[in-house]
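1. got a sequence here, can you build the structure:
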Amino acid sequence: MIDLAVEGRRLVDFARASYVEGLGFGWLDGSGRTDPDRAVHLWVTCRMVHVFSLAALQGDADAARLARGGVRALTDGPLRDRGPGGWLSSVDLRGRPVGTGKQAYDHAFVLLAASSAVAAGTEGADELLARSWQTFERHFLDGAGLVIDSYPRDLGEPEPYRGANSSMHTVEALLAVAEVTGDRGRREAALAIARHLVGFAGDFGHRLPEHFDPHWTPLPDYHRDRPDDAFRPFGWTPGHSLEWARLLLQLEAAGEAPEPWLLPTARDLFEVGVRHGWEADGAPGFCYTVDWQDRPVVRRRMHWVHAEAVAAAAALHARTGEERYAEHARRWWAFVEDVLVDREGGSWHHELDADNRPTAVTWSGKPDVYHAYQATLLARLDPLRGLAAQLR
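-> Next up, the predicted model:
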């Protein structure tokens with residue numbers, strides 16, 4: 001069995017080289033060097049601030065330094081768009097805008113990063129959290145408290161698309177903010193989003209639709225012609241079902257009067273995700289996406305899916321005490337150790353082909369350690385609570 005404490009430190013060590021002074025955190029290549037041909041992305045920068053804040057809470061002084069640098073970059077660097085407001089999706093290594101859209105997905109990670117940095121006592125984190133919440137509440141939540149996916153740079157007319165992925169990470173971020181600040185309203189906001197999104201699964205046999213029109217009508221054929229789109233693939237994504245299962249259990253644990261639907265829904269999402277994701281094509285590993293007849297579409301294995309699988313299994317085992325969930329976790333950790341962990345290059349292989357060999361079709365390199373590092377902590381700590389709050 002993999003030593004999770006050692007593995008967590010190894011992941012943090014790999015990630016240290018990603019820091020780019022004044023900009024944030026760059027895109028790491030397969031050997032852990034910043035790729036000069038890739039932009040500095042907001043979501044990568046925020047995930048790294050989150051990771052280094054968690055490491056700082058465990059006494060890593062250098063991680064605390066990196067978290068401070070990341071908070072400064074998010075507050076004063078070129079990713080922050082001072083004119084229209086909010087944050088740009090990416091800038092090049094000279095600080096010039098590359099991706100000028102404003103994404104709810106990215107801004108949810110600003111919230112997560114800020115809340116973890118607050119927990120770590122990072123200078124400037126309180127200001128960052130206040131500003132990021134003001135931006136998110138004003139632009140990315142509609143009158144019903146649901147997530148608006150994206151805007152052009154001027155934050156004018158939003159894109160006529162709604163997505164489950166940005167909503168899921170908003171739930172994650174709001175839970176983290178609630179635990180760190182004690183603001184229970186954020187937990188209730190997260191619960192409302194989860195109730196709305198997960199409610200669609202009942203009409204699809206506990207499969208979660210990913211794509212919607214502006215009125216939240218599911219679009220099951222969305223991107224059928226681009227099935228392996230990096231952020232909006234066709235079909236449904238077993239890994240997201242597993243991730244939602246854990247978040248529902250965290251919502252339940254955070255509530256004073258938990259709603260009775262949360263545990264059975266988490267079970268259903270987990271069971272269907274495992275049944276149609278794990279070894280769906282006959283080989284070990286989780287397929288990335290499947291269609292609505294549960295046939296594999298993108299057979300490549302993403303490292304983040306396996307990280308979320310072990311975390312969801314740990315959460316269900318902690319909540320129910322049922323040994324079958326622990327058995328799942330052991331099996332999947334063995335797969336991670338045997339196939340995903342890269343002992344030579346560092347970190348985990350981010351993508352495998354259908355024969356479980358490293359590939360780079362969707363992503364190049366190993367841009368961040370967020371999913372993997374969280375998995376090592378959730379397996380060792382309480383998987384029903386936020387990491388920053390309990391480490392603090």
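2. now do the same for Met1: its pLDDT.
-> At Met1, the model reports a pLDDT of 78.
3. that one reaches Arg330, doesn't it?
-> Yes. With contacts counted by Cβ atoms under 8 Å, Met1 reaches Arg330, the gap being 7.2 Å. All C-beta atoms are positioned from the backbone trio N, CA, C, and that covers glycine.
4. who has more neighbours, those two?
-> Legend: neighbour count by other Cβ atoms under 10 Å for Met1 and Arg330, higher for Arg330 (13 against 7).
5. that one and Val91, how far apart?
-> Going from Arg330 to Val91 by Cβ to Cβ, to the nearest Å gives 42 Å.
6. same question for Ala311.
-> 31 Å.
7. one more: Thr122?
-> Thr122 is 22 Å from Val91, by Cβ to Cβ.
8. next one: His276
-> Applying Cβ to Cβ, the value for His276 to Val91 is 39 Å.
9. name the residue in those two with the higher neighbour count.
-> Neighbour tally, His276 and Val91, criterion other Cβ under 10 Å: the higher count belongs to Val91, 26 against 22.
10. give me the three-state assignment for the nearest residue to the more buried one once chain neighbours are set aside.
-> Nearest non-adjacent residue to Val91, counting by Cβ to Cβ, 6 or more residues apart in numbering: Pro78, 4.8 Å away. Secondary structure for Pro78, judged by DSSP: H, G, I helix; E, B strand; the rest coil, is coil.
11. ok, now which ones touch the nearest residue to Pro218 once chain neighbours are set aside?
-> In space, and not counting its chain neighbours, Pro218 is closest to Pro209: 4.1 Å by Cβ to Cβ, 6+ apart. With contact set as Cβ atoms under 8 Å, 6 or more residues apart in numbering, Pro209 has these partners: Ala164, Phe200, Ala201, Pro218, Leu219, Pro220, Trp236.
12. how many other residues sit next to the third one?
-> Neighbouring residues of Ala201 were enumerated by other Cβ under 10 Å; the total is 20.
13. wait, it sits on Arg195?
-> No. Using Cβ under 8 Å as the test, Ala201 is too far from Arg195 to be in contact (11.4 Å).
14. helix, strand or coil for the residue of the chain positioned farthest from its centre?
-> Distance from the centre of the chain peaks at Gly83, with 28.0 Å (Cα atoms, centre = their mean). Following three-state DSSP, we place Gly83 in the coil state.
15. and the gap between it and Lys102?
-> 12 Å.
16. which among the contacts of Pro209 gets closest to Glu323?
-> Of all the contacts of Pro209, the one with the least separation from Glu323 (Cβ to Cβ) is Ala201, at 26.1 Å.
17. residues in contact with the closest residue to that closest one other than its chain neighbours?
-> Nearest non-adjacent residue to Ala201, counting by Cβ to Cβ, 6+ apart: Leu208, 5.0 Å away. Contacts here follow Cβ under 8 Å, 6+ apart; on that basis Leu208 touches Ala164, Leu197, Val198, Phe200, Ala201, Trp236, Thr237, His240, Ser241, Trp244, Leu269.
18. the first one contacts His240, correct?
-> Yes. Taking contact to mean Cβ under 8 Å, the distance of 6.7 Å between Ala164 and His240 places them in contact.
19. spit out the contact partners of the residue nearest to Asp291 when sequence neighbours are not counted.
-> Leaving aside its sequence neighbours, Asp291 sits nearest to Gly235 (Cβ to Cβ, 6+ apart; 4.7 Å). By Cβ under 8 Å, 6+ apart, the contact list for Gly235 reads Glu210, Pro227, Thr289, Val290, Asp291, Trp292, Val297.
20. fine by me, we can end here.
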